[in-house]
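pasting a predicted model and its sequence here:
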Amino acid sequence: MKQRTIGDVQVSSIGLGGMPMSIEGRPDRARSIATIHAALDAGVNFIDTADAYQEVGEAVGHNETLIAEALASWGSDTTGILVATKGGHLRPEPGAWAQNGHPDYLKDAAKASAKRLGVESIGLYQFHRPDPEVDYADSVGAIRDLLDDGTIRMAGISNANPDQIRQANEILGGRLVSVQNQFSPKFRSSEPELELCAELGIAFLPWSPLGGIGGAKELGGKWAEFQTIADAHGVSPQQVCLAWELALAPIVIPIPGASRPESITDSALAAELELTAEEIARLSA
C-alpha cells in the first residue's frame, strides 16, 4: 500500500479505526479479530484506538485489549505496525461523554493503555478531547512529560482547533506529529485545521471519514457526486470518499472504522484509486 508519514514513521495511507468493534452494537470478538487481520492482510499498518472505546459501564480499554489480541494472533511480523491510542475522554453513562484532562489522570491513563497494548512505549498517544475544566496547556504539558520520559514515542491531539494546534506544538517543542479531527463530506468544518496541518507538516487524521457508523453505508445516497464518480470508476462511493480525502493534502491519513473484514478491505483499496483534478474539484465543491 502507498505510504504516508506520521512523525518519523511510514504508515499506510489508509488506517483502521477500532471504535465500531467495541461500542454498542459491536460484533463478536471473532469477527472483530478477523476484521483487524483483514486490515493487516490488505497492507494497513496503522490502527487507531482509545481507552474509551468500550460499551457504557464496561471497564475501559476493551478496544485496546482487542487490538493487542489480534496482533498477537496474526501470525506475521507486527514490528512495523503503529498503534495509536488516546486518553482524556470517558463514557461514564449512557448518552454522555465526559472529559478528564487533568495531568495526573492522563499520565496514569497512558501507562494503563501501554499495559493493555502490551508495549513498553506507546507508538502514538493523543490527547482525546479538551477538558473545559482544565487549562489546555496543563493537559498538553502532561503529554509532553509522557514524551520526555519515554512512556510514549510520539504525541498527537484530537478534536482541536487551530489555536490549540499551534499551542500544543509549542508546548511539545515542535514535536506534535498528528491532529485527529472529524472530517467527511458531511462534516467539513475541520478544513482550517487540515490546512494548518498541511502548512506545518503535521499528519491530519480524519475520524469518521465516511460520515460515521450510521452514515457510511448511506454515503452514496446522501452525496450523489460521490456515487456518480464511483460508478464511473466501478468502485464503491466509500472508496471515492477516502481517495478524495487523500487527494486534499499529502498529510491526510483517513482512519475509517470497520467491524467487518469486507469493509476495511474495500476501504484499503482507496489508496490506489486515482481521481482526476476535475473529479476532486467536483467532490470538493
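Great, that's in hand. Since this is a predicted model, take the numbers as computed values, not measurements.

all helices for the stretch 51-200 of the chain, in order.
62-73, 103-117, 136-148, 162-171, 191-200 (DSSP state H, counting those that start in this stretch).

take the ones you listed and lay them out in TSV including mean neighbour count, mean pLDDT and distance to residue 9.
Using the backbone N, CA and C atoms, a C-beta is placed for each residue, glycine as well. Formatted as TSV, these follow (neighbours: other C-beta atoms under 10 Å; pLDDT from 0 to 100; distance: least, C-beta to C-beta, whole Å):
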stretch	mean neighbour count	mean pLDDT	distance to residue 9
helix 62-73	20	98	16
helix 103-117	19	98	16
helix 136-148	20	98	15
helix 162-171	17	98	18
helix 191-200	16	98	16
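
redo those as a markdown table? Include distance to residue 49.
Formatted as a markdown table, the helices of the stretch 51-200 of the chain follow (distance: least, C-beta to C-beta, whole Å):
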| stretch | distance to residue 49 |
| --- | --- |
| helix 62-73 | 5 |
| helix 103-117 | 8 |
| helix 136-148 | 17 |
| helix 162-171 | 20 |
| helix 191-200 | 21 |
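
nearest to residue 257, out of the ones you listed?
helix 62-73 (10.5 Å; C-beta to C-beta).

now that closest one - C-alpha only, PDB.
Extracted C-alpha coordinates of helix 62-73, given in PDB (Å, rounded to 0.1, in the frame of the first residue of the first chain):
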ATOM      1  CA  HIS A  62     -11.900  -3.000  25.500                       C
ATOM      2  CA  ASN A  63     -10.600  -2.000  22.100                       C
ATOM      3  CA  GLU A  64      -7.000  -1.800  23.200                       C
ATOM      4  CA  THR A  65      -7.000  -5.300  24.500                       C
ATOM      5  CA  LEU A  66      -8.900  -6.500  21.400                       C
ATOM      6  CA  ILE A  67      -6.200  -5.000  19.100                       C
ATOM      7  CA  ALA A  68      -3.400  -6.400  21.300                       C
ATOM      8  CA  GLU A  69      -5.000  -9.900  21.000                       C
ATOM      9  CA  ALA A  70      -5.500  -9.500  17.200                       C
ATOM     10  CA  LEU A  71      -1.800  -8.500  16.700                       C
ATOM     11  CA  ALA A  72      -0.600 -11.400  18.800                       C
ATOM     12  CA  SER A  73      -2.600 -13.900  16.800                       C
END
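
could we number from 790 for the rest of this?
All set: I'll call the first residue 790, so the last point we hit is now helix 851-862.

what residues does that helix touch?
Helix 851-862 is contacted by residues 807-808, 810-811, 818, 821-822, 825-826, 836, 838-840, 842-844, 867, 870, 872, 874, 902, 905-907 when judged by C-beta atoms under 8 Å, 6 or more residues apart in numbering.
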